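S.K.: compute the structure for the input listed below.
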Amino acid sequence: MRLLRLMVPFVALSAVVGAQPAAVTPVGVGPFAVGFTISKEGEGWYLSHGGSNWGFRCDLIAHRSKGYGAVIMTNGDNGGRLIAALREKISRGSAWDMYDKPLTR
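M.R.: Have a look, this model is predicted:
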């Protein structure tokens, strides 16, 4: 499978983070911000949000401060497996910091 690589600035994320940092900061109990889940993966902090409806699945993941990420949309009830495979290929192929070895503290 050949992966199509699109280089599009994540302007929307930059606007959200710049205008309202609370939108990507956990609030209350748990890893939830306003509309996003915030999680530490490897050495990076990521925000994510997914959704589904009959016949559709989608997923968004982005680095909280570096701005890179991916949005994947499928038109199938079993799109979750495709999303997981594409997310793995995109993140490994782009050397996201979720695969960095833990820093010695």
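
S.K.: elements contacting the helix or strand W45 falls within?
M.R.: Using DSSP states H and E, W45 sits within strand 44-53. Other helices and strands packing on strand 44-53, by 3 or more Cβ pairs under 8 Å, 6 or more residues apart in numbering; DSSP states H and E, are strand 37-41, strand 56-63. Quick note: C-beta positions are derived from backbone N, CA and C, even for glycine.

S.K.: out of those strands, flag the one nearest M73.
M.R.: Nearest of those to M73, taken as Cβ to Cβ: strand 56-63 at 4.4 Å.

S.K.: pull the helix or strand with minimum mean pLDDT from this protein.
M.R.: Within the chain, no helix or strand scores below helix 11-19, which has a mean of 50 by mean pLDDT, DSSP states H and E.

S.K.: and R81, what helix or strand is that in?
M.R.: Using DSSP H and E, R81 sits in helix 79-93.
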